[in-house]
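Asker: next input, structure requested:
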Amino acid sequence: MDRCGWAGPEQIYEEYHDTDWGVPEYDGRALWEKLVLDGFQAGLSWLTILKKRENFRAAFHGFDPNIIAGWGEDEVARLLGDAGIIRHRGKIEATIGNARAWQKIEQQQGFDRFLWNYVGGTPLQNQWASLAEVPAQTPLSTQISKDLKKAGFRFCGPTIVYAFMQAVGLVNDHLVTCPRHAEVARLVTERKAP
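Answerer: Numbers count the residues shown, from 1 in each chain. Alright, predicted model coming up:
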């Protein structure tokens, strides 16, 4: 397979590229999990997060924002002692605050609708021929970042948000030379936006 140049050489990275990255995600809880993980990735490689993803899921109770929203200093201290995750106080505390922000959006309109409305419910289909063409952020990721921050989210700058948009299929940023570009584009007709 002629994968996107960033995917590899480690198998976990190739599997992520081949099965997960860019696939439209419509579940509000799963969207929140991926946004949190992208926030933890800030300053680190995505490979580091991938290798620790199952540890994160265990430590954060399956990324259930309704549980995490009720956490306080005891849980922060527990997580700071967990070598299986990224032990960064600011990111851990942001995750708790982000869970509370998620609850508000989820109650008002649904977190999935909140995000998918930015693209009219249909993933944007980019046509990049090389990695050099792929932006780190866009005016849309900047707008979503501002709106998330206004809603109480942290660790969601425009670059983090664009990486998130790519991961959850709000945009299809597989290179046109990658077989996954066409495969992911076909998923648009197979899945329905909220």
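Asker: alpha carbons only for contacts and neighbour counts from here, please
Answerer: Fine.
Asker: enumerate every residue touching Lys91.
Answerer: Applying CA atoms under 8 Å, 6 or more residues apart in numbering to Lys91 gives the contacts 39-40, 155.
Asker: that one and Phe155, how far apart?
Answerer: According to CA to CA, to the nearest Å, Lys91 and Phe155 sit 7 Å apart.
Asker: coming back round to it: could you list which of the contacts of Lys91 belong to strands?
Answerer: Of those, none are assigned to strands by DSSP state E.
Asker: take those and keep only those in helices.
Answerer: Among the contacts of Lys91, the members found in helices (DSSP state H) are 39-40.
Asker: so the residue located most distally from the centre of the chain: helix, strand or coil?
Answerer: Distance from the C-alpha centroid of the chain peaks at Asp74, with 26.3 Å (CA atoms, centre = their mean). For Asp74, the assignment made with DSSP: H, G, I helix; E, B strand; the rest coil gives helix.
Asker: gap between it and Arg57?
Answerer: On the measure of CA to CA, Asp74 and Arg57 end up 18 Å apart.
Asker: before we move on, what about Ala151?
Answerer: For Ala151, the distance to Arg57 - CA to CA - is 24 Å.
Asker: show me the contacts for Thr138.
Answerer: Contacts of Thr138 (CA under 8 Å, 6+ apart): 158, 162.
Asker: run through the helices of this protein in chain order.
Answerer: Using DSSP H, the helices of the chain run over residues 11-19, 28-41, 46-59, 65-68, 73-80, 89-108, 111-116, 139-150, 158-167, 179-190.
Asker: could those helices go into CSV alongside mean pLDDT?
Answerer: Converted to CSV, these look like this (pLDDT from 0 to 100):
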stretch, mean pLDDT
helix 11-19, 96
helix 28-41, 97
helix 46-59, 96
helix 65-68, 98
helix 73-80, 98
helix 89-108, 98
helix 111-116, 97
helix 139-150, 98
helix 158-167, 98
helix 179-190, 87
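Asker: return the set of buried residues in stretch 47-55.
Answerer: 47, 49-50, 52, 55 (16 or more other CA atoms under 10 Å).
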